[in-house]
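> Please find the sequence and the predicted model below.
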There are 2 protein chains.
Amino acid sequence: MFDRIDPRSPTPLYEQIAGRIRVAVAAGELTEGHHLPSVRQLAATLRVNPATVVQAYRELEREGFVELKHGAGTFVRGISEERKKGERIRGAAELVQEMLSEAARLGVDGQDLRTALDRELGSVSHE
Amino acid sequence: MFDRIDPRSPTPLYEQIAGRIRVAVAAGELTEGHHLPSVRQLAATLRVNPATVVQAYRELEREGFVELKHGAGTFVRGISEERKKGERIRGAAELVQEMLSEAARLGVDGQDLRTALDRELGSVSHE
DNA sequence: CCTACTGTATCAGAACAATAATACACTTGG
DNA sequence: CCAAGTGTATTATTGTTCTGATACAGTAGG
């Protein structure tokens, strides 16, 4: 899951880490209650300073994605279950339309987006 | 073309600027020989320091996208179709990741997005 | 209980990002 | 030609990112 951290990228490390976790949550890879690696553990895995992982976790906490429990660990929080299926689908359509209009502005076509989405979701269940 | 530079984004300004131009070239919006805005001009438009624009242009020069001519200006260089394709795919991946992050905040999962994207593309893409 | 694990909090320093103000050097058009 | 516009370069200053080291404080399992 953290195979795309790149120290040479202009995007800050803490942002790359937070980004991967956000996407994993949206993809359903991480669900409520999931115990994330400890600060020191993830820092060691990524060969990064613990403070950098803390910064990523804190950002995710501000955004409501995770909960940091002192002494216990960091856990994925439940996502607004009040959103029922119909509403979710409407929300999804809006998000997709926003992305499509932005893509059109940039000249990126729908098939490229489709390929990229499948890649992010680790698609095996869809053709 | 440069209407969405965000000073608060964790992505450096010079990288946002370079990214815009890269995608525009890959999309064919900017073609070989196109005269880009001058350093001072673009800096004024974006309300950014000229040195920041220079940094973006220099990065694009290293990557072969543009040529800086002392006293004359900055011009788009010819890019192979393969390379353009690669850049479009990279741009698509970024857009998708942004969408996934936003989706996670709203509680929309990846499958909903895939369904919604299929629906949007289905109504437009068979020709 | 108590040890090992967790997150929390400092501090100092290096490297990078961005700004501001100036000055220099090259190219082009009138 | 030469003035206006171009990229190039320098210096100084501020803030962010990332590291390293160190210490403190809460939690849970044996």
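Nice, thanks for sending it over. Numbers count the residues shown, from 1 in each chain, chains lettered A, B, ... in the order given.
> In stretch A:32-44, which residues are buried?
For stretch A:32-44, burial by neighbour count (16 or more other C-beta atoms under 10 Å in any protein chain shown) applies to A:36, A:37, A:39, A:42, A:43. In this view, the C-beta of every residue, glycine as well, is placed from N, C-alpha and C.
> Just the closest of the residues you listed to chain B, please.
Chain B lies nearest to residue A:36 out of these, by C-beta to the nearest C-beta, at 14.4 Å.
> Can you tell me the closest non-neighbouring residue to the closest one?
In this structure, residue A:36 finds its nearest non-sequential neighbour in residue A:74, 4.4 Å apart by C-beta to C-beta, 6 or more residues apart in numbering or on different chains.
> and the strand or helix carrying that neighbour, what does it pack onto?
Per DSSP states H and E: residue A:74 is located in strand A:73-76. Applying 3 or more C-beta pairs under 8 Å, 6 or more residues apart in numbering or on different chains; DSSP states H and E, one finds that strand A:73-76 makes contact with strand A:35-36, strand A:66-69.
> For DNA strand D, state which of the buried residues of stretch A:32-44 is nearest.
residue A:43 (7.4 Å; C-beta to the nearest atom of the strand).
> Assumed the closest one was part of a helix.
Yes - assessed with DSSP: H, G, I helix; E, B strand; the rest coil, residue A:43 lies in a helix.
> before we move on, the earlier item: quick check, distance from the following helix or strand past the strand holding residue A:74 to the centre of its chain.
Scanning forward in sequence from strand A:73-76 by DSSP H and E, the next helix or strand is helix A:85-106. Relative to the chain's own centre, helix A:85-106 is displaced by 17 Å; criterion: C-alpha atoms, centre = their mean, to the nearest Å.
> and the angle for helix A:85-106 with helix B:81-106?
150 degrees (axes from the mean of the first three to the mean of the last three C-alpha atoms, to 10 degrees).
> and helix A:85-106, which residues are buried?
A:88, A:89, A:91, A:92, A:93, A:95, A:96, A:99, A:100, A:103, A:106.
> where's the dip in pLDDT among the residues you listed?
Lowest-confidence member of these: residue A:88, scoring 73 (pLDDT).
> residues in contact with that one?
The contact partners of residue A:88, taken as C-beta atoms under 8 Å, 6 or more residues apart in numbering or on different chains, are B:107, B:108, B:109, B:112.
> what about the second one, neighbour count?
One way to gauge burial is a neighbour count; for residue B:108, by other C-beta atoms under 10 Å in any protein chain shown, it gives 28.
> if I pick residue A:7, what's in contact with it?
Per C-beta under 8 Å, 6+ apart, neighbours of residue A:7: A:13, A:48.
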